[in-house]
Each structure stands twice: as C-alpha cells, then as structure tokens.
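Enquirer: Let me see the structure of the following:
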Amino acid sequence: GFRSLLQQPHWERAESSAQAAMSEGEWDLAEEISCGDELNLSYRSLDAAALDCLSRSDGILGRVRVLNLSNCRLLDAGGALLAGILRHSKSLTELDASGAGMSFTSALDIGDALAPNTLLARLNLSANPIGVVGAQFLANGLSRNATLETLDLSHCATGAAGAAAVSGAAAHLLSLRLSNNAIGFSREADQGLMFQALSGSASLTALDLSFNGFGAGPSEDLTRHLTALLSPSEGSSLRLELLNLSGNQIGPGTELGLASALRGNDSLRELLLNGNEVSDSGGVAIAAALSENNSVLETLDVACNLLSDDANSALVASLSPAVRSVHLSVGDLGGGSRTAACLGQALWGDEGGLKRLHFSYSYMSSVAVCAFAAGIRGNSTLEELYLDGLALVDNEEAGGALGCAVRNHPTLKCFALRDSYGVGLVEALLGS
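Expert: Numbers count the residues shown, from 1 in each chain. Reported below is the predicted structural model:
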C-alpha cells in the first residue's frame with residue numbers, strides 16, 4: 001500500500017531521493033578501493049547519485065573495512081545514507097565522516113544505526129555541528145552498542161550537556177575525544193555530570209579534553225573534577241593512560257589543583273598540558289607530584305606554558321626512567337641553560353629510555369650547550385630530536401660539539417633545527 005513520505009524514516013527518504021537523482025551510469029567503486037579493504041573518498045564532491053551508489057553497492061559493502069568520507073560535505077542527506085551503510089555493511093570497522101556538514105538530524109540517524117551494529121570499532125564525527133541535541137541522539141545509540149571502541153566528537157559544539165550524555169553512554173569506549181566543545185564555559189552542573197560519568201567508565205583509557213576552557217572556571221570545581229578522573233575514589237575502575245588537557249587556560253588558581261590530582265595517579269602514560277598558562281609554582285608542584293607517585297609516565301608535554309628555566313629543570317629532574325617523549329619550552333627571556341644541562345644529564349647513559357625530545361624557545365650558554373652535547377654523546381636511545389627557537393652563545397666550539405654529537409649519534413633517525421642559530425652548529429651538522 002501507499003506510504004507517505006512523512007511516514008518514511010528520514011534515512012529511507014534520503015535514499016529514495018538519491019536514487020531518483022541518479023539518471024545514468026554506475027560508479028565503479030572497485031577502482032577506488034586501495035589495500036584490498038580501504039575506500040578513501042575524502043575531499044570528494046559526492047552528489048546524491050554517488051552516495052546512493054555507495055549505499056546500494058552490496059559487493060563493496062561486503063568488502064570495505066575502512067571508509068573515509070572526511071570533508072565531503074555530505075550534509076544531512078549524506079548522513080542519513082551513512083546510517084544505511086552502517087545497517088547493511090558486513091565488514092565496516094572504521095568510519096571517518098569528519099567535516100561533512102552534518103547536523104543533529106544526521107546524528108539521530110547514525111545513533112539509531114549504531115544501536116544494533118556489532119562491527120564498527122572506530123567512528124570519527126569531528127567538525128560536524130551536531131550540537132547538544134545531536135550528542136544526545138548519539139548517546140541513545142551508544143548506550144545500546146557494545147563494540148565501538150573509539151569515538152571522536154571534537155569541534156561538534158556539544159557543550160557540557162552533550163558531552164555528559166555521550167560520556168554516560170560510553171561504557172565500552174576505550175578512547176573518547178571531546179576537544180573544542182566549550183565544555184568549560186558551560187553550566188557547572190553539566191560539567192559535573194560529565195566528569196562523574198567519565199569517572200565511572202570501566203574501559204576508558206584515552207581521553208582528550210583539550211581546548212575546552214576548563215581553567216576559566218572556579219579552581220575548586222576543576223580540582224574536584226580532575227581528582228575524579230586522575231585519583232578515582234575507592235571502588236572506581238577508571239584507569240586513564242592518556243589525558244590531553246592542552247589549551248585549557250590552566251594557570252595560577254587552577255594549576256595546583258591539577259598537581260594535587262596527579263599526586264594520586266599511578267596509571268597515566270601520556271600527559272599533554274601544552275598551551276596552558278602554568279606558572280613556576282604550578283610547574284614545580286606538578287614535578288613533585290610526578291616524581292612522588294607516577295613511575296609509568298612515558299610522554300610529557302608542557303611546552304608553551306609560563307615555565308621558567310628553574311621550573312623546567314624541576315620537571316626534567318622528576319622524570320622517571322620510563323619516560324620516552326618530552327616536549328619543553330622556556331617561558332622566560334634568556335632562560336634555558338639550566339634546563340639544557342639537566343636534559344644532558346637525563347640523556348646520559350642507558351638507564352633511561354628517552355626516544356623523543358622536543359626543546360623549544362631557549363637560550364643556552366656555552367657551558368649548557370656542552371653539557372647538552374655530552375648527554376647526546378653518551379646516549380644510545382634517542383631517535384627524534386627537535387630544537388625550535390634555539391639561540392646559542394656565539395661560541396664556535398660549543399656549537400661544533402652539539403653539531404658533532406647530533407651527526408654521530410648511533411640511533412637518531414630524525415633531527416630538526418628550526419628558527420635557530422649558533423656559530424659552528426650548522427657546519428658541524430653538515431660535517432664541514
């Protein structure tokens with residue numbers, strides 16, 4: 001019998017109109033597939049006919065494991081067709097539909113399709129303006145899905161309310177990205193609900209909350225929230241291994257709360273704090289917290305804060321032998337010599353396993369350069385070294401020592417010297 005368009009589900013109406021728009025020819029999708037099971041259509045201008053062909057291709061849907069439709073401007077008609085693909089695919093485990101121009105209506109369709117899906121493991125919907133309502137629609141589907149492991153909702157305008165809904169439904173997620181959603185500027189009650197939901201997650205190990213403005217709120221609130229994440233109460237199963245708090249305006253007033261929360265943590269392997277406003281007192285407190293309890297931390301990024309040479313030196317001294325990657329920058333003009341000397345000491349020998357070092361915006365005295373060079377000469381683990389904005393004293397001997405140490409390092413695979421200068425350094429690097 002007749003069924004009106006108003007009675008049809010949104011995704012079926014989109015498929016019907018797309019099929020009507022396809023007038024001639026078939027798109028040979030087999031030619032687009034790379035590596036046997038990956039289909040990359042990013043930055044393509046896909047019309048309704050192409051999307052319809054994609055959604056109806058049974059052979060393709062039975063083979064493609066990874067589908068990339070990022071920046072294709074699918075809009076809501078395309079988002080509805082994605083729901084059809086999720087329903088009918090027999091192999092899809094990874095879907096990237098970031099920057100596709102989809103709104104909350106697409107989130108409704110995708111959420112409905114996620115509920116019964118048992119294959120999809122990774123979903124990227126970042127840079128789609130789904131808003132609070134769209135995040136809540138997704139959460140409805142997530143709460144009934146048991147296989148999705150990674151979800152990216154960065155730049156989705158979810159606010160704290162939307163983020164709270166998703167966090168509460170993310171019982172099986174291993175990784176959740178919620179960066180750039182203005183969560184810290186939302187109602188405190190909604191923020192509290194989000195952190196409460198996250199702290200109760202049994203499986204979550206990686207969390208990205210960068211660029212959300214958390215430092216703009218009351219310090220006692222941030223302290224309480226971070227403590228729930230990093231020092232969960234007895235009985236909580238949350239064991240975060242990666243936490244990204246970059247660009248959150250954390251500084252005087254909130255930095256000590258972060259240090260206090262870190263003091264009770266023994267699971268973090270990667271801590272990203274770059275682009276905040278952490279001062280010396282906060283840097284020293286964070287260093288003390290890391291040295292006191294965390295012996296498994298492998299990656300620390302505190303670049304682009306307000307840390308002086310002394311605070312950076314304290315952070316270097318706090319690093320455990322487990323650390324593999326460090327990014328530091330010196331916030332005071334003319335600083336860096338003490339940090340460079342401490343880095344040289346940390347690099348020396350085989351006790352530590354540092355593999356990646358990024359040192360930015362510092363001024364080194366000739367003595368510090370020589371100490372840093374000695375550490376590189378005595379190191380046998382470093383694989384990547386990046387020096388940005390580095391100013392060396394006009395001492396050819398010191399510059400030459402650093403250049404030779406880098407050029408002759410046995411394990412170094414990647415070296416970058418950017419916006420830097422030093423007499424004798426480049427010549428030694430080139431071996432001239």
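Enquirer: Enumerate every residue touching the residue positioned nearest the centre of the chain.
Expert: Geometric centre of the chain, nearest residue: residue 208, 5.4 Å, by Cα atoms, centre = their mean. Residue 208 makes contact with 154, 176-179, 242, 244, according to Cβ atoms under 8 Å, 6 or more residues apart in numbering. (C-beta placed from N, C-alpha, C; glycine too.)
Enquirer: make it 6 Å
Expert: 177, 179, 244 (Cβ atoms under 6 Å, 6 or more residues apart in numbering).
Enquirer: Give me the buried positions along stretch 237-256.
Expert: 238, 240-251, 253-256 (16 or more other Cβ atoms under 10 Å).
Enquirer: err, stretch 212-232, not the other one
Expert: 212-215, 217, 219, 221-223, 225-232.
Enquirer: How about stretch 128-138?
Expert: Neighbour-count burial for stretch 128-138 flags 128, 130-138 (criterion: 16+ other Cβ under 10 Å).
Enquirer: what bridges to residue 417?
Expert: Counting by DSSP bridges, residue 417 is bridged to residue 387.
Enquirer: From residue 303, how far out is it?
Expert: Plainly put, residue 417 is 17 Å away from residue 303 if you go by Cβ to Cβ, to the nearest Å.
Enquirer: Just want to know which of those two has more residues nearby.
Expert: More crowded of residue 417 and residue 303, by other Cβ atoms under 10 Å: residue 303, with 24 against 18.
Enquirer: which ones are touching that one?
Expert: Neighbour list for residue 303: 274, 327, 329, 360 [criterion: Cβ under 6 Å, 6+ apart].
Enquirer: let's see it at 8 Å
Expert: Contacts of residue 303 (Cβ under 8 Å, 6+ apart): 274-275, 327-329, 358, 360.
Enquirer: who wins for most neighbours among those residues?
Expert: residue 328 (28 neighbours).
Enquirer: For the helix or strand containing it, what is the distance to the chain centroid?
Expert: Using DSSP states H and E, residue 328 sits within strand 325-329. Here the centre of strand 325-329 is set off from its chain's centre by 16 Å, with Cα atoms, centre = their mean, to the nearest Å.
Enquirer: contact partners of that strand?
Expert: With contacts defined as Cβ under 8 Å, 6+ apart, strand 325-329 is touched by 274, 298-305, 307, 312, 315-316, 319, 339, 343, 354-362, 388-389.
Enquirer: for stretch 256-263, same thing?
Expert: In contact with stretch 256-263 (Cβ under 8 Å, 6+ apart) are residues 219-220, 222-223, 226-227, 229-231, 245, 250, 268, 271, 273, 281-282, 285-286, 288-290, 292-294.
Enquirer: With stretch 395-410 instead?
Expert: Contacts for stretch 395-410 (Cβ under 8 Å, 6+ apart): 366-367, 369-370, 372-374, 376-377, 379-380, 382, 385, 392, 412, 415, 422-429, 431.
Enquirer: any idea of the mean pLDDT in the strand holding residue 328?
Expert: The predicted model assigns strand 325-329 a mean pLDDT of 93.
Enquirer: ok, residues contacting the very next helix or strand once past that strand?
Expert: Counting by DSSP H and E, the next helix or strand C-terminal to strand 325-329 is helix 337-347. With contact meaning Cβ under 8 Å, 6+ apart, helix 337-347 is reached by 309-310, 312-313, 316-317, 319, 328, 330, 352, 354, 357, 359, 362-365, 367-369, 371-376, 378-379, 382.
Enquirer: Quick check: PyMOL command selecting the buried ones in those.
Expert: The buried residues among the contacts of helix 337-347 can be selected in PyMOL (16+ other Cβ under 10 Å) with this line:
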select buried, resi 309+310+312+313+316+319+328+330+352+354+357+359+362+363+364+365+368+369+371+372+373+374+375+376+379+382
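Enquirer: Apart from its neighbours in sequence, what residue is nearest residue 292?
Expert: residue 263 (6.0 Å; Cβ to Cβ, 6 or more residues apart in numbering).
Enquirer: Restricted to strands, list the contacts of residue 208.
Expert: 177, 244 (DSSP state E).
Enquirer: Including pLDDT, could the contacts of residue 208 go into JSON lines?
Expert: Converted to JSON lines, the contacts of residue 208 look like this (pLDDT from 0 to 100):
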{"residue": "177", "pLDDT": "98"}
{"residue": "179", "pLDDT": "98"}
{"residue": "244", "pLDDT": "98"}
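Enquirer: where in the stretch 51-200 of the chain is pLDDT low?
Expert: Residue ranges of the stretch 51-200 of the chain with pLDDT under 70: 58-60.
Enquirer: what are the ranges of the helices in it?
Expert: 58-61, 75-88, 104-114, 131-142, 159-169, 188-199 (DSSP state H, counting those that start in this stretch).
Enquirer: Only alpha carbons, please: show the second one as CSV.
Expert: Taking C-alpha atoms only, helix 75-88 is exported to CSV below (Å, rounded to 0.1, in the frame of the first residue of the first chain):
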residue,chain,number,x,y,z
LEU,A,75,25.2,17.3,4.7
ASP,A,76,22.2,15.7,6.3
ALA,A,77,21.1,13.7,3.2
GLY,A,78,24.5,12.0,3.2
GLY,A,79,24.4,11.5,6.9
ALA,A,80,21.2,9.6,6.5
LEU,A,81,22.8,7.4,3.9
LEU,A,82,25.7,6.7,6.3
ALA,A,83,23.1,5.2,8.6
GLY,A,84,22.1,2.8,5.8
ILE,A,85,25.7,1.8,5.3
LEU,A,86,26.1,1.0,9.0
ARG,A,87,23.0,-1.1,8.9
HIS,A,88,23.9,-3.1,5.8
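Enquirer: For it, buried residues please.
Expert: Applying 16+ other Cβ under 10 Å to helix 75-88 flags 76-87 as buried.
Enquirer: what's the span of stretch 99-109, first residue to last?
Expert: 17 Å (Cα to Cα, to the nearest Å).
Enquirer: Quick one: distance of that stretch to the chain centre.
Expert: Remark: stretch 99-109 is offset 22 Å from the chain centroid, using Cα atoms, centre = their mean.
Enquirer: From what I see, residue 40 and residue 72 are in contact.
Expert: No: Residue 40 is beyond contact range of residue 72, at 10.8 Å (criterion: Cβ atoms under 8 Å).
Enquirer: More neighbours: which of the two?
Expert: Using other Cβ under 10 Å as the criterion, residue 40 and residue 72 rank with residue 72 on top: 22 against 16.
Enquirer: Got the phi and psi for that one?
Expert: Dihedral pair for residue 72: phi -100, psi 0, per degrees, to the nearest 10.
Enquirer: Over to residue 403?
Expert: Residue torsions, per degrees, to the nearest 10, at residue 403 are phi -60, psi -40.
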